[in-house]
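Asker: this one's sequence-less:
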């Protein structure tokens, strides 16, 4: 949204005063794979994200936390409805004058833990998120727009046409239901812009509004402060 909280506050106050709508470009919220999780009862206990990119001179004037990790921070804050308890972070300057690779561990009051890694000096690009909750494991590949689900069942599940069922050995029989739903791929940037137009025409707050974006910025800056 901005490079600091003060400027974000000025924008929010001005938008409120002039009755204007702010939408911020956290484009992963419009990723077709992530769209399948919207409006679902998601209560993750552990989240792991990896957002890796090859080096590009563009954007290296800001730390990788504000360049890349902030997208995962925004998504995590949209999924975990809890206050933050603790933050641990570390990062390294390798090529640029700001942090190029960073890791953060965020502990929430409800017990959920998020472990985030971001790098812009990797040999290959990767944008993945893994969510673990009771009897569920969900993985999202934002780059390829792929969603996969694994569910633990006490009784043999009834699979859909493309589902797979695995039986686990043990004293109590358990079953794993694997599901890879069909993702109707679309242009996330186009969907983001359509959503903005719809928000304006119908006078409603967009999903990635100024308040949620400021929360993501605030947490990103706190992580950067800890690294510094």
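Answerer: Great, that's in hand. The structure displayed is predicted, hence computed values, not measured ones.

Asker: use CA for all of it now, contacts and neighbours both
Answerer: OK.

Asker: what's the following helix or strand after the helix-or-strand element of the chain with minimal mean pLDDT?
Answerer: Every helix and strand in the chain was compared by mean pLDDT, DSSP states H and E; the lowest is strand 164-168, with a mean of 86. On the C-terminal side of strand 164-168, the closest following helix or strand by DSSP states H and E is strand 174-179.

Asker: Residues in contact with that following strand: which ones?
Answerer: With contact meaning C-alpha atoms under 8 Å, 6 or more residues apart in numbering, strand 174-179 is reached by 148-157, 159, 162-168.

Asker: List only buried entries from those.
Answerer: 148, 149, 150, 151, 152, 153, 157, 165 (16 or more other C-alpha atoms under 10 Å).

Asker: quick check, nearest of those residues to residue 136?
Answerer: Distance to residue 136, by C-alpha to C-alpha, is smallest for residue 151 among these, at 4.6 Å.

Asker: Please identify the helix or strand for the closest one.
Answerer: Per DSSP H and E: strand 146-153 holds residue 151.

Asker: Give me the helices and strands touching that strand, please.
Answerer: Judged by 3 or more C-alpha pairs under 8 Å, 6 or more residues apart in numbering; DSSP states H and E, strand 146-153 is in contact with helix 32-35, strand 136-141, strand 174-179.

Asker: for this protein, what's the longest helix?
Answerer: Longest helix in the chain, counting residues (DSSP state H): helix 210-227.

Asker: Give me the residues contacting that one.
Answerer: By C-alpha under 8 Å, 6+ apart, helix 210-227 touches 1-2, 4-5, 8, 12, 22-24, 26, 63, 65-66, 69-70, 73-74, 77, 87-91, 104.

Asker: Which of those residues fall in helices?
Answerer: 5, 8, 12, 70, 73, 74, 77.

Asker: Looking at the residues you listed, spot the one nearest residue 126.
Answerer: For those, the nearest to residue 126 is residue 70 (15.1 Å; C-alpha to C-alpha).

Asker: Among the ones in helices among the contacts of helix 210-227, the buried ones, what's the ChimeraX command?
Answerer: Here is the ChimeraX command that picks out the buried ones among the ones in helices among the contacts of helix 210-227, judged by 16+ other C-alpha under 10 Å:
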select :8,12,70,73,74,77
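
Asker: any idea whether residue 191 is helix, strand or coil?
Answerer: helix (DSSP: H, G, I helix; E, B strand; the rest coil).

Asker: What about the closest residue to it other than its chain neighbours, how many residues nearby?
Answerer: Nearest-residue entry for residue 191: residue 30, 6.5 Å, with adjacent residues in sequence omitted and distances by C-alpha to C-alpha, 6 or more residues apart in numbering. A count of neighbours around residue 30, defined by other C-alpha atoms under 10 Å, yields 21.

Asker: Would you state the predicted confidence (pLDDT) at residue 30?
Answerer: pLDDT for residue 30: 95.

Asker: just residue 59 next, same as before
Answerer: 66.

Asker: start at 329 instead
Answerer: Noted, 329 is the first residue going forward, which turns the last one into residue 387.

Asker: Please, which helix or strand holds residue 446?
Answerer: Going by DSSP H and E, residue 446 is part of strand 441-447.
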